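Asker: Here is a sequence with its predicted model. Questions after.
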Amino acid sequence: MKISRKKALILGSAALLVLVVAGGAAYLALSGGKELKYKTQAALRKALPVTAAAELHQRGVTLAAPLKCEDLTGWTKERLRVSCSGKTSDKKPVEVLGSGDKKTAKTYYTILVDGRPVVENASCLGADCHSQEAGGRG
C-alpha cells in the first residue's frame, strides 16, 4: 500500500495534533488545572481588604473604616502572605490573614475579631466564594 506525500503529511499532522491535545489534557488532569485567584502579592494585598470586609458584612460585623493591609515577612513570588487590620464599629480589633501557594494553588484566609476566629482557613472570602463551586469555603 502506497501513501502519497500529501496523505502522509495530513496523517502526520493529525497524529501530532492528537498528541498535543492528549498531552494538554494529561497535564491538566495531573496538575488539577487550578490556579490562584490572586496570582501576585500586590493583587492579594489589594483584594484582601475588600473580600474580608464583604465576608464580615455577611456575618453581621460592621467595620469602622476600611482595613489596612501589608505584606507579611517571608512572602515570596511562590508563597503569597498578607495581613490586614482594623476595627469594628464597636471598636473591637480585626485581624485578617491571607495566603496563597502557587505550587499547590491553595489559598487560606483567617479572620479574627477581638482575638476570636470568625473564619478559619477558608479557601475563599466574600464574593469570591460565589464564583467557586459549592463547598468552596474551607
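Answerer: Looks like it came in fine.
Asker: Only the buried residues of stretch 44-60, if you could.
Answerer: 44-45, 47-56 (16 or more other C-beta atoms under 10 Å). C-betas here are computed from N, CA, C, even on glycine.
Asker: same check, this time on stretch 100-118
Answerer: 100, 107-113, 118.
Asker: what pLDDT, on average, does it get?
Answerer: Mean pLDDT, stretch 100-118: 96.
Asker: now do the same end-to-end measure for it.
Answerer: 19 Å (C-alpha to C-alpha, to the nearest Å).
Asker: Can you tell me the element residue 83 falls in?
Answerer: Residue 83 is part of strand 79-87 when elements are defined by DSSP states H and E.
Asker: Partner strands of that strand and their direction?
Answerer: Applying DSSP bridges, strand 79-87 is found paired with strand 68-71 (antiparallel), strand 93-101 (antiparallel).
Asker: I'd like those laid out as a markdown table, including distance to residue 39.
Answerer: Shown next, in a markdown table, are these (distance: least, C-beta to C-beta, whole Å):
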| stretch | distance to residue 39 |
| --- | --- |
| strand 68-71 | 15 |
| strand 93-101 | 8 |
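Asker: which one of these has the most crowded surroundings?
Answerer: strand 93-101 (a mean of 20; mean count of other C-beta atoms under 10 Å).
Asker: now what about that strand, what contacts it?
Answerer: 36, 38, 44, 48-49, 52, 56, 61, 63, 67, 69, 72, 78-88, 106-115, 125 (C-beta atoms under 8 Å, 6 or more residues apart in numbering).
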